[in-house]
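*Asks:* next input, structure requested:
(chains A and B)
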2 protein chains.
Amino acid sequence: MQEKGLLIVLSGPSGVGKGTVRKEVFSQPDTAFEYSISMTTRAPREGEVDGVDYFFKSREEFEQLIKEEKLLEYAEFVGNYYGTPVDYVRQTLDSGKDVFLEIEVQGARQVRKKFPDGLFIFLVPPSLSELKNRIVTRGTETEDVINNRMNAAREELEMMHLYDYVVENDQVDRAVERINAIVIAEHLRRERVEPRYKRILEVD
Amino acid sequence: MQEKGLLIVLSGPSGVGKGTVRKEVFSQPDTAFEYSISMTTRAPREGEVDGVDYFFKSREEFEQLIKEEKLLEYAEFVGNYYGTPVDYVRQTLDSGKDVFLEIEVQGARQVRKKFPDGLFIFLVPPSLSELKNRIVTRGTETEDVINNRMNAAREELEMMHLYDYVVENDQVDRAVERINAIVIAEHLRRERVEPRYKRILEVD
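*Replies:* Predicted coordinates:
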């Protein structure tokens, strides 16, 4: 019987660097995960590519997919939809491969309900002040947008209790090392491997 | 308030290579663990040093320590006592450092009762046949001793359900990498770090 893959969910406050960490995870030549590309209705940022960073969709297209229940999770965040196509996730897990999602905290909450055995990782900034710096330094936002984001971040930090692990994004490469360690460890959890090792008792 | 260290317990069937893996863990220059040296009444094997590999004690000395409740755990195994001095473990954990125990499965069971939050790692051979080869290859045992060890190993494998993680000792360096990943991950578990991160909400 094929052992199912692990659903790895990376989430955290807006501006914490989820996308950067996710890109670094997948830049490793030996990465063992399949990346589930999210859909969004927000405009692409400079350098973002449709079908690589996100599937960029119109509001109309997105709302049609919601109706058809083709999304594992979706959230509206700062006026835009973000979501995860469900078929790809289920098929990949069934084939025994680990799936890596990088999603907003509202979405992570929905995924937890559908995949309680998933591996939920909360990425946090070294401090909220640091988070604010990062948002401001991006330089493309008005003060109102920044304040909205900060309030959203405070609410999101309060959602930490829904996660299994907390990873500080002090340095991207260190955050990635921690995520890799978490996934290795999770694959070695006794509940997960016990059926396989029970066979050892039959051998001699 | 000083955060307590983590109690890491490495155990597994006799002959699986616990001692070799433990030595490799502590040969790393950046190891973050304090090693708790066990006591035993068995004779030193070639190359083993008193106070480094074990504290070697007579049966009389060992039984006196049992009476004085100076042992966190002890077990009689193939005619010899093995045990862990309790004071060193408690003091080191209280100082915030991780303590690493390498003990027999009977002992691990006792430690689990006293430290339910410990991190229990079960080291397994690639197969029981492989385990038998290793015991025979050691070349110092009679067939009766080997058969006793094999039966003990079968019983011990059935104790896997008492552990948090299962690590296969296919190669020593890979086993050590897995153990390191488990400890890194365990330090990032949300229940463990949440109090620290709650402070972030107070900032700004």
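*Asks:* could you say which helix or strand holds A:Ile179?
*Replies:* Applying DSSP states H and E as the criterion places A:Ile179 in helix A:172-187.
*Asks:* which other residues reach the helix or strand following that helix?
*Replies:* On the C-terminal side of helix A:172-187, the closest following helix or strand by DSSP H and E is helix A:190-198. Defining contact as Cβ atoms under 8 Å, 6 or more residues apart in numbering or on different chains, one finds that helix A:190-198 is touched by A:3, A:186-187, B:122, B:124, B:157, B:160-161, B:163-166. Heads up, the C-betas are built off the backbone N, CA and C, glycines and all.
*Asks:* let's go with 7 Å and repeat that
*Replies:* With contacts defined as Cβ atoms under 7 Å, 6 or more residues apart in numbering or on different chains, helix A:190-198 is touched by B:122, B:124, B:160-161, B:163-166.
*Asks:* what of stretch A:100-114?
*Replies:* Contacts for stretch A:100-114 (Cβ under 7 Å, 6+ apart): A:8-11, A:18-19, A:22, A:25, A:33-36, A:38, A:72-75, A:77, A:82, A:84, A:118, A:120, A:156, A:159, A:162.
*Asks:* go ahead and confirm A:Tyr163 touches A:Leu119.
*Replies:* No - using Cβ atoms under 7 Å as the test, A:Tyr163 is too far from A:Leu119 to be in contact (9.4 Å).
*Asks:* quick check on the residue nearest the centre of chain A: phi, psi?
*Replies:* What sits nearest the mean C-alpha location of chain A, by Cα atoms, centre = their mean, is A:Glu102, with 2.2 Å. Dihedral angles of A:Glu102 (phi, psi; degrees, to the nearest 10) stand at phi -120, psi 110.
*Asks:* distance of it from chain B?
*Replies:* 17 Å (Cβ to the nearest Cβ, to the nearest Å).
*Asks:* bridging residues for that residue?
*Replies:* Beta-bridge pairing of A:Glu102 under DSSP bridges involves A:Leu10.
*Asks:* how close does it get to A:Met159?
*Replies:* 16 Å (Cβ to Cβ, to the nearest Å).
*Asks:* check A:Ala185 too.
*Replies:* Counting by Cβ to Cβ, the separation of A:Ala185 from A:Met159 is 23 Å.
*Asks:* in terms of neighbours, single out the busier of the two.
*Replies:* Legend: neighbour count by other Cβ atoms under 10 Å in any protein chain shown for A:Ala185 and A:Met159, higher for A:Ala185 (26 against 16).
*Asks:* contacts only, for the nearest residue to the more buried one once chain neighbours are set aside.
*Replies:* For A:Ala185, ignoring the flanking residues on the chain, the nearest one in space by Cβ to Cβ, 6 or more residues apart in numbering or on different chains is B:Ala185 at 3.6 Å. Going by Cβ under 7 Å, 6+ apart, B:Ala185 touches A:165, A:181-182, A:185.
*Asks:* can you rerun that using 8 Å?
*Replies:* Counting by Cβ under 8 Å, 6+ apart, B:Ala185 has contacts A:165, A:178, A:181-182, A:184-186.
*Asks:* what is the neighbour count of A:Lys113?
*Replies:* With other Cβ under 10 Å as criterion, A:Lys113 counts 8.
*Asks:* sec struct for it, please.
*Replies:* Assigned by DSSP: H, G, I helix; E, B strand; the rest coil, the conformation of A:Lys113 is helix.
*Asks:* show me where chain A has helices.
*Replies:* With DSSP state H, the ranges of helices along chain A come out as A:18-27, A:59-67, A:86-94, A:105-114, A:128-138, A:143-157, A:172-187, A:190-198.
*Asks:* any chance of the ones you listed in a markdown table, plus distance to B:Gly47 and mean pLDDT?
*Replies:* As requested, those are exported to a markdown table (distance: least, Cβ to Cβ, whole Å; pLDDT from 0 to 100):
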| stretch | distance to B:Gly47 | mean pLDDT |
| --- | --- | --- |
| helix A:18-27 | 43 | 92 |
| helix A:59-67 | 66 | 96 |
| helix A:86-94 | 48 | 91 |
| helix A:105-114 | 51 | 89 |
| helix A:128-138 | 51 | 63 |
| helix A:143-157 | 53 | 74 |
| helix A:172-187 | 32 | 95 |
| helix A:190-198 | 31 | 79 |
